[in-house]
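*Asks:* have a look; sequence and predicted model below, questions after that.
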Amino acid sequence: MAVKRDIKYLNRDFTSLRDNLIEYSKTYFPNTYNDFSPSSPGMMFMEMAAYVGDVMSFYLDNQVQETFIQYARQTENLYDLAYLLGYKPKTTSVATVDLNFYQQVPAVSDGAGGVIPDYSYALLIPENTTVGSSTDSTVNFLVQDKIDFSYSSSSDPTTVTVYQTVANAPTYYLLKKTRKAISANIKTTTFTFNSPESFGFRDITDSNIIGILDIFDAEGNEWYEVSHLAQDSIYDSITNTTQNDPNFSGNADTPNLLKIKQVQNRFATRFLNSGSLRVMFGSGNPNDTTEEIIPNPDNVGLGLPFEKDKLTTAYAPTNFVFTNTYGVSPTSNLTVRYLVGGGVSANVAGYSLTNLTTTAITFVNSTIADSSMANTVFASLETNNLLAATGGGSGDTVEEIRQNSLGNYQNQLRAITADDYNIRALSMPSQYGNLAKIYTVKEKSVNMTPGEEKSTIAMYTLSFNADGTLRTASDALKQNLITYLSQYRSIGDSIKVKDAFIINIGINFDIIVLPEYNGDEVLTECISYLINAFNINNWQVNQPIILKNLYVELDKIEGVQTVKNIEIINNTGAGYSNYSYDVVGATYNNVVYPSIDPMIFEVKYPQTDIQGRIVSY
C-alpha cells in the first residue's frame, strides 16, 4: 500500500529546500540513510537538489516579475510591455527651431514704369535639406518641407524687401522664407530581400534613432509606415488643385486635401531598446489592391446586415478597413533612410545655424541666360535662426517608460483628466520636440474672455536650453503640442498653452562639523547632496521646497554635527530669470511655497549658486 507523503510546497530558497530534504529523509527513510554530515554523498545529492530548486524558483519569480510593467527591470521587456499598452518609447527627443532663408533677386521692369523682383532667379530648396551649426559641427538641422521662393500664399508667405537701390530705384530685392527644422541627420541603409518572407523584419542598430524617413524598393515604389500591420489605410495629403479635385480648388484657405489611401506596401516599427529599431513587414499576401477610399458606414461594417458583430469593434480614425493580409512582403532590396539626432546638445543658441547644404538647391526656372547673375544670386543664399532651438532632450528613462505606458493604457487615447493631458503631451513624437516640464489645470475664470467655454484647459510648459537649464518653449514647439493634442482632447475641451514662470534660486547653508572630521571634505559632501537634490530633472512645476527634509538629510551626512541654517535666496537678472520672488514671504513652517501662478524653482548654476559655510557654536 502506498504511503501518504507530507510534501511541502512553500520552500523556495536553498537553505529551506535542503533542510526540508533532510527532514524528509529522516521521517520516511530513517533506517535507509542517516549520515547527514556535510561531506557525506547523501548530503551532496540533497544540496544539489536544493541548488536546482533554488535556481528554478529564482527564474520563476523573475519571469513572473518581468511580465508586469510595474515591476519589470529588463529594458527589452519594458519596451515590449510599453508597446503592448499602446505607448511608443522615445529613445531621443529632437530640438525644433524656426529657420529664416534669404536670397537676393535682381529688379526687373513691370512694364508700367516701375520695377518688381525678378522671380525667374528664385531658388528652389528641396525637402530634407540640412543646415549645420557654426558652433558645433556634430549638430545638424533638417528642413523637411521644400522652399520655393517664387511661391507666396497666406500659409507660406514670401517676405519681399528692397535690398539695394541706385538713384532711389531698387536694383536688388531680398526674399525671405521661414521653415521649421528639427535636429536630425539622415542616414541610409539597405534591407536585402531575395524572396518574400512572411512577417519578415530587419533591425537598425544605431544611437539616438528618431525614426524612419522613407523606404523605397528597387522599382521605386514607396513603402508607408503604419502604427501596426493590420492598419491598411493611411492619411494622404494632396495639393488642392483643379486637376485633383475641381469641387474644392476654389477654397484658398485649404492648400491641401486629406484623403484616405489603402496601401499594401506598408511597414511598422518598434524600438527593441534605446539603440535598436525593428522594421516589420507583412505576410506576403499580394491579393489586396491599392486604392483610395472615402470613409462611410459600409467601410466599418455598420451598413452590412451580415456584419452586425462590427457594432462592438473598436476602430482607429486611421483604420477604416480590416484585412487579413497585413501588407505584402518585399521581394527586392529596400533603400531605407532614417533619422538620428536630438539630445540636449541640439538646443543650439540663436544665430548659429548658418551652414546650409547647397548641393541639391536649384533655380525654379531651369533656363537662365545670364549665368553671371545666376552665380551672384546663388551666392546670396543664406540662412539663420533668430532664436535658440528648444525641445531637445534625452530619451525616456526606465521609470518614464513605465509611467507613460501605464498612463497611455488608462486614458485609452482619450484625454479627460489633467494627468491624461500631461501623459499625452509627454508622449508627443520626438520629431516634434520635447517639453521639459508640463503642468495642466483648469483655466481660471478671470483669464477667460466673454464667450469662452468653462472647459478651457491651461497647460503650462517649459523646455530646455542647450546646457540643460530651463527656458520658455518656442512658439513652434507650442504649436506642435496644440496640433498633437487636438486628436486626443475631448470635443468640449479647449487648450491654452502658456509659459510657466521660472524662479531661479540659490542656497546658503551653515553647518557645524564634528572635531575629528576634515571640514572641507564634509562641506563638499553637503554641497554634492544639494546639487543632486535640486537637479532640475527631479523637480516639477508648483513643487514646494520642504526645508525640514533638507535639514534632516544634511544631518545624515557623515561628519555633520548639526545644520545651523539653510537660506533660500532669489537670483534675478544677469543670466537668471527676470522674475523675482518673495522667498521669505512664501515661507511658512519651514516650507517655501510656490506662487498661485504655476512656477518652478530652479538652481540654474549649482556650482556657484549653492554656498556652504562651516561655523562654530
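*Replies:* Cool, the structure landed. Numbering: from 1, shown residues only.

*Asks:* domains of this structure?
*Replies:* 14-65, 96-184+342-384, 186-340, 393-499, 503-614 (automatic domain parsing).

*Asks:* secondary structure class for the residue nearest to Lys8 when sequence neighbours are not counted?
*Replies:* Nearest non-adjacent residue to Lys8, counting by C-beta to C-beta, 6 or more residues apart in numbering: Asn20, 5.7 Å away. Heads up, the C-betas are built off the backbone N, CA and C, glycines and all. At Asn20 the chain is in helix, as set by DSSP: H, G, I helix; E, B strand; the rest coil.

*Asks:* and the gap between Asn20 and Asn34?
*Replies:* As judged by C-beta to C-beta, to the nearest Å, Asn20 and Asn34 stand 17 Å apart.

*Asks:* comparing the two, which shows the higher neighbour count?
*Replies:* Asn20 (17 against 11; other C-beta atoms under 10 Å).

*Asks:* sorry, back to before: which pLDDT value belongs to the residue nearest to Lys8?
*Replies:* Asn20 carries a pLDDT score of 89 in this model.

*Asks:* now swap in Asn411 and tell me
*Replies:* At Asn411, the pLDDT recorded in the model is 57.

*Asks:* circling back to that earlier point, which of the domains of the chain has the lowest mean pLDDT?
*Replies:* Looking at the domains of the chain, the bottom one is domain 186-340 with a mean of 74.

*Asks:* between the two ends of it, what distance do you get?
*Replies:* Counting by C-alpha to C-alpha, to the nearest Å, you get 7 Å between the two ends of domain 186-340.

*Asks:* before we move on, back to that, do you know which of the domains of the chain lies nearest Asp80?
*Replies:* Closest to Asp80 of the domains of the chain, according to C-beta to C-beta: domain 186-340, at 8.3 Å.

*Asks:* Val52 versus Gly42, what's the distance?
*Replies:* Per C-beta to C-beta, Gly42 is found 16 Å from Val52.

*Asks:* residue contacts, Asn408?
*Replies:* With contact taken as C-beta atoms under 8 Å, 6 or more residues apart in numbering, Asn408 is in contact with Leu85, Gly86, Tyr87, Ile423, Arg424, Ser427.

*Asks:* correct me, but the residue nearest to Lys8 touches Asn11?
*Replies:* Yes - between Asn20 and Asn11 a contact is recorded at 5.0 Å, counting by C-beta atoms under 8 Å.

*Asks:* that's a strand at Asp420, yeah?
*Replies:* No - with three-state DSSP as the criterion, Asp420 is located in helix rather than a strand.

*Asks:* find the nearest non-adjacent residue to Lys444, please.
*Replies:* In space, and not counting its chain neighbours, Lys444 is closest to Ala458: 7.6 Å by C-beta to C-beta, 6+ apart.

*Asks:* packing partners of the longest helix seen in the chain?
*Replies:* Among the segments of the chain that qualify as a helix by DSSP state H, the longest is helix 41-65. If you count contacts as 3 or more C-beta pairs under 8 Å, 6 or more residues apart in numbering; DSSP states H and E, helix 41-65 packs onto helix 14-28.

*Asks:* just checking, what packs against the helix it packs on?
*Replies:* Going by 3+ C-beta pairs under 8 Å, 6+ apart, helix 14-28 lies up against helix 41-65.

*Asks:* other residues contacting the helix it packs on?
*Replies:* 11-15, 17-18, 21-22, 25, 33, 35-37, 71-73.
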